[in-house]
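*Asks:* Output the structure for:
(chains A and B)
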Amino acid sequence: MTEILAGRLSHAPEAAPGIRGWRRLLSNAGVIIALGILALILTAALAPQLITSAQPDAVAPAEAFQAPSVTHFFGTDESGRDVYTRVIFGAGNSLLIGIAATVVGLGLALVLGLLGGLAGRIGDFVSTRIVEVMFALPGLLLALVFIAIAGPGVVTSTVAVGLSTAPGYARIIRSQLRSVRNASYIEAATVLGHSQLRITLQHILPGALAPIFVLGTLGVGQAIVWASSLGFLGLGVAPPAAEWGAMLSSGRTYIDVAWWLTVFPGLAIVATAASFTVLGRALNARARQEVRG
Amino acid sequence: MTDSPILTVRGLSVHFDRTAEPAVDNVSFEVRPGECLAIVGESGSGKSVTARSLLGLAPAGAHVSFDELSLAGETLPAPGSRRWRKIRGASMGLVLQDALVSLDPLRPVGREIDDVLRLHTTLSRPERHDRVLELLDAVGVPDPALRARQRSGELSGGLRQRALIAAGIAAGPSLIIADEPTTALDVTVQARVLDVLSSLRDSGTAMILITHDLAVVSRIADRVAVMSRGRIVEAGETRRVLGAPATVPTQQLLASIPVDVPRGVPLDLRSGEHTVENGSRDASVLPELAARGPRSAPLEPTAKTAPPAPAPALELVAVSRRYPTRHSAAIQALDNVSLTLTAGTTLGLVGQSGSGKTTIARIALGLETAESGDVWLDGEPWGSLSARERQPLRHRLGAIYQDALSSFDPRLSVERILVDALSAGTADAHRPLTTTDELLDAVGLPRAVKNRRPLHLSGGQRQRVAIARALAPGPRTILCDEPVSSLDVSTQARVLNLLDELQRHLGLSYLFISHDLGVIRHMSDTVAVINDGRIVETGLTDEIFAAPRDPYTLSLIAALPRVRG
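*Replies:* So this is what the prediction gives:
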């Protein structure tokens, strides 16, 4: 993912949004669909009762393994729990983990990136070495190592996913800061007589970091997939709670008799991740267009 | 020349938008073998679109129509047709302006030329190799065997441009279309590139030269077509058109050339035509400012009466600077350079690229330190200060750069750029202009540009914003580093006139850096000529131009293209 993100960033968006650009953004059908899906998922996360009246953990052994029908849109699982309700309630967990993990990753990356991009030679050396060590392990493996040390759970799996995305962001932040710092307009600001602090706060940081938040949107989708992977491995949310990855994992046992146990949580993961990606790409493209005119 | 024309164009029109005015409007001309037709005009006059349409390369969204468009009697194919592959490179060669972006930075230039030969000839590999070296030699590239292996980034601008010409002529096309082939080059390099093009023309190749530089035209073109707003307004023998221009656009182009317009005389612009660039101009702003200004009267550069001579605005004393290199000994970028900029005057610094002009600018601005020697600003220490000590004094010295666009934070609107600049410097600084509106008025920009970003402004407008920004902290001295080099002649003339006017009203001192002798002569009271990091000659502008003593100065002046009427 890092390579893809870094590639996109070479055309880093540097402009603040303008009204014309937003209109163009909304004329894209894919973006409309993505926004619709995200609105639905957000509602499910914030107020699941609006979309379903049932309870996610209500067990009804008599109704186990019912195929999708009018009463159970997505069918029921081995304990007779309504899969539709569980997918809706799972949105909160998945979204929270995805966003929180991205925030953790960006936060850590900001510290490392600022150290590398602004703090002189020693700071850069320290930050670059740390990032290289983190890069040495593939993302998911890094997350697993962290969970192995800290133990499974919602908080640790969130931090673990954040940790594994951090080195990619850190490297991008560092190179953004360096390229903006050497831009002609920073030199022009120096010649005008602005102080170094003011130039850093007013020109370097906004110019370098604005694109990172667009990237963050792309990152949330990725983080949700990773968090679900950890849930699938039983390292995330504890089993009875509704979480898409955990649902996939437990449904896997019955995949030959009850396909709906895996298909619907899987679809939810794919739809959410894809929506964040579509939105992130559109934001990125729009910002680039803004700079080009 | 009684041959039949190699290229015939009749009734060529290009529309971008059905409702708007056409970019090219009913243009007709023809070119014969061994003839050079120059198409001249300001930027935006449609000359480049015309050239591209001839090659079937009109920009996306363009609608091209014509009555006749034929090469050697055969009608040219529609854009996008596969037949173009046989024509481009083989029958028609294209030489573009910017060799750095036209050449693949990752491949040796020899390969670029070899590509053309591979596509359009039946030569074997070793034969092609020999031919590449011959071609490079023919366009005046020294040591072709070495250069063919280098990438475009390793070549100088002049060599790159010549390599591009070599690629353009490799397959022996009967027509060469050259779009501003020498615009980005120094005068001496330009002269050599023009020699190459002339000899090609003399050997029977037809040529279309697109340019805004009439001096280049007068050197090489047999006939000229002047374009304005998409139309050919005047065409004929070069001598006739340039010697006795019959239409206003031609006269304007001629009058905007600063070569022989002496210091202090505004460049002629023919009133009424420049509203497009400037919008309305409140002419009363500047005289009023002069009354508020620090100096009561405009300074006469030759005033010898006042006994206590004021400290020089900027002084470099025996400045030297070396840059380490990986391979061999350090490069001596500046060697014992001394310059004195008298307050209220302009010191022109002229030299080719690589001569050390930019290093002087950076040292004068305190962005780099000299290895030895000293820099003084208004008679006070400047070069010896630390960055922290220098910052509160920076408002005294402004700067204008060649590439105005990249000197602006891309996120900011014009208004925010100017507000940001107004907030720079110290409170006790004397500021003749204190609001964004005053700044915009002073540089002749309509106030409506405030909400736009520099990206959406024209080149001339951007440079005006840059000037306004430089004025904001209230500087007494402004360093102008090639401020008009990327502008076309008439825009250039307007910006130069503005700088002149600001100097007279605000009592500014300019260190004016340029490779363009014409511009230097027009702007400067005194001139310093730099070559290989050394000042080879300094003196009053008129004296240096009338009687250059140093052989290098002499060669620069001799290479200066002039319009021969």
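*Asks:* mind checking the longest helix of chain A?
*Replies:* As assigned by DSSP state H, the longest helix anywhere in chain A is helix A:83-118.
*Asks:* next helix or strand past that one?
*Replies:* helix A:120-136 (DSSP states H and E).
*Asks:* and the angle from the next helix-or-strand element following that following helix to helix A:83-118?
*Replies:* Using DSSP H and E, the helix or strand that directly follows helix A:120-136 along the chain is helix A:139-150. Going by axes from the mean of the first three to the mean of the last three C-alpha atoms, to 10 degrees, helix A:139-150 is angled at 100 degrees with respect to helix A:83-118.
*Asks:* For the nearest residue to A:S228 once chain neighbours are set aside, give me its contacts.
*Replies:* Using C-beta to C-beta, 6 or more residues apart in numbering or on different chains and skipping the chain neighbours, the partner closest in space to A:S228 is A:G245 (3.3 Å). Any C-beta I mention is one placed from the backbone N, CA and C, and that applies to glycine too. Residues near A:G245 by C-beta atoms under 8 Å, 6 or more residues apart in numbering or on different chains: A:S94, A:A227, A:S228, A:S229, A:L230, A:G231, A:F232, A:L233, A:G236, A:V237, A:P265, A:I269.
*Asks:* A:V191 and A:I199, how far apart?
*Replies:* Distance from A:V191 to A:I199, counting by C-beta to C-beta, to the nearest Å: 11 Å.
*Asks:* Under the pLDDT cut-off, which ranges of the chain? List them.
*Replies:* You didn't say which chain, so I picked chain A. A:1-25, A:239, A:288-293 (pLDDT under 70).
*Asks:* if you could check chain B rather than the one you did, that'd help
*Replies:* Checking chain B against pLDDT under 70 turns up B:1-3, B:18-19, B:98-101, B:184, B:258-265, B:268-309, B:325-329, B:425-429, B:561-565.
*Asks:* Alongside chain A, which residues does it contribute?
*Replies:* Contacts of chain B with chain A, taken as C-beta under 8 Å from any C-beta of the partner chain, map to B:365, B:367, B:387, B:391-395, B:397-399, B:401, B:403, B:406-411, B:420-421, B:424-426, B:453, B:455-456, B:469, B:472-473.
*Asks:* switch to 7 Å and redo it
*Replies:* By C-beta under 7 Å from any C-beta of the partner chain, the residues of chain B that approach chain A are B:365, B:367, B:391, B:394-395, B:399, B:401, B:403, B:406-411, B:421, B:424-425, B:455-456, B:473.
*Asks:* now, which of these lie within strands?
*Replies:* B:A399 (DSSP state E).
*Asks:* For chain B, what's the nearest residue on the stretch 151-293 of chain A?
*Replies:* A:G193 (3.3 Å; C-beta to the nearest C-beta).
*Asks:* give me phi/psi at that residue?
*Replies:* phi 100, psi 20 (degrees, to the nearest 10).
*Asks:* what about it, how many residues close to it?
*Replies:* Close neighbours of A:G193, defined as other C-beta atoms under 10 Å in any protein chain shown, add up to 24.
*Asks:* So it is in contact with B:L397, correct?
*Replies:* No: with contact defined as C-beta atoms under 7 Å, A:G193 does not count as touching B:L397 (8.9 Å).
*Asks:* just to confirm, which helix or strand has the closest residue to A:V103 other than its chain neighbours in it?
*Replies:* Nearest in space to A:V103, with sequence neighbours left out and distances taken as C-beta to C-beta, 6+ apart, is A:G162 at 7.2 Å. A:G162 belongs to helix A:154-181 when assigned by DSSP H and E.
*Asks:* for that helix, packing partners?
*Replies:* helix A:2-9, helix A:83-118, helix A:120-136, helix A:139-150, helix A:205-232 (3 or more C-beta pairs under 7 Å, 6 or more residues apart in numbering or on different chains; DSSP states H and E).
*Asks:* Just give me the residue closest to the centre of the chain.
*Replies:* All of this is about chain A. A:V220 (1.2 Å; C-alpha atoms, centre = their mean).
*Asks:* Wait, chain B was what I had in mind.
*Replies:* B:S485 (3.0 Å).
*Asks:* so which residue of chain B comes closest to chain A?
*Replies:* Taking C-beta to the nearest C-beta, chain B has B:R394 as its residue nearest chain A, at 3.3 Å.
*Asks:* B:D335 touches B:R534, doesn't it?
*Replies:* Yes: B:D335 is within contact range of B:R534, at 4.9 Å (criterion: C-beta under 7 Å).
*Asks:* picking up where we left off before, helix A:205-232 and the longest helix of chain A, what's the angle between them?
*Replies:* Going by the same axes, to 10 degrees, helix A:83-118 makes 140 degrees with helix A:205-232.
*Asks:* Measure how far helix A:83-118 is from the centre of its chain, please.
*Replies:* 5 Å (C-alpha atoms, centre = their mean, to the nearest Å).
*Asks:* Show me which positions of it end up buried.
*Replies:* A:83-95, A:97-106, A:108-110, A:112-118 (16 or more other C-beta atoms under 10 Å in any protein chain shown).
*Asks:* what packs against that helix?
*Replies:* So helix A:83-118, by 3+ C-beta pairs under 7 Å, 6+ apart, packs with helix A:29-46, helix A:120-136, helix A:154-181, helix A:205-232, helix A:244-251, helix A:260-292.
*Asks:* distance between the ends of stretch B:376-393?
*Replies:* In stretch B:376-393, first residue to last residue: 12 Å (C-alpha to C-alpha, to the nearest Å).
*Asks:* More neighbours: A:V191 and A:I199, which one.
*Replies:* A count of neighbours by other C-beta under 10 Å puts A:V191 above the other of A:V191 and A:I199, at 25 against 19.
*Asks:* which residues touch the helix or strand harbouring that one?
*Replies:* In this structure, A:V191 sits in helix A:184-192 according to DSSP H and E. Applying C-beta atoms under 7 Å, 6 or more residues apart in numbering or on different chains, the external contacts of helix A:184-192 come out as A:180, A:199, A:203-204, B:365, B:367, B:394, B:399, B:401, B:403, B:406-409, B:421, B:424, B:473.
*Asks:* so it versus helix A:205-232, what angle?
*Replies:* Using the same axes, to 10 degrees: helix A:184-192 against helix A:205-232 is 140 degrees.
*Asks:* Show me which residues of helix A:184-192 are buried.
*Replies:* A:Y185, A:I186, A:E187, A:A188, A:A189, A:T190, A:V191, A:L192.
*Asks:* May I have the helix or strand following it exported as PDB, CA atoms only?
*Replies:* Helices and strands here follow DSSP H and E; after helix A:184-192, the next one along the chain is helix A:196-199. What follows is helix A:196-199, C-alpha atoms only, in PDB (Å, rounded to 0.1, in the frame of the first residue of the first chain):
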ATOM      1  CA  GLN A 196      11.700  30.500  10.800                       C
ATOM      2  CA  LEU A 197       8.900  29.500  13.200                       C
ATOM      3  CA  ARG A 198       6.300  31.400  11.300                       C
ATOM      4  CA  ILE A 199       7.500  30.000   7.900                       C
END
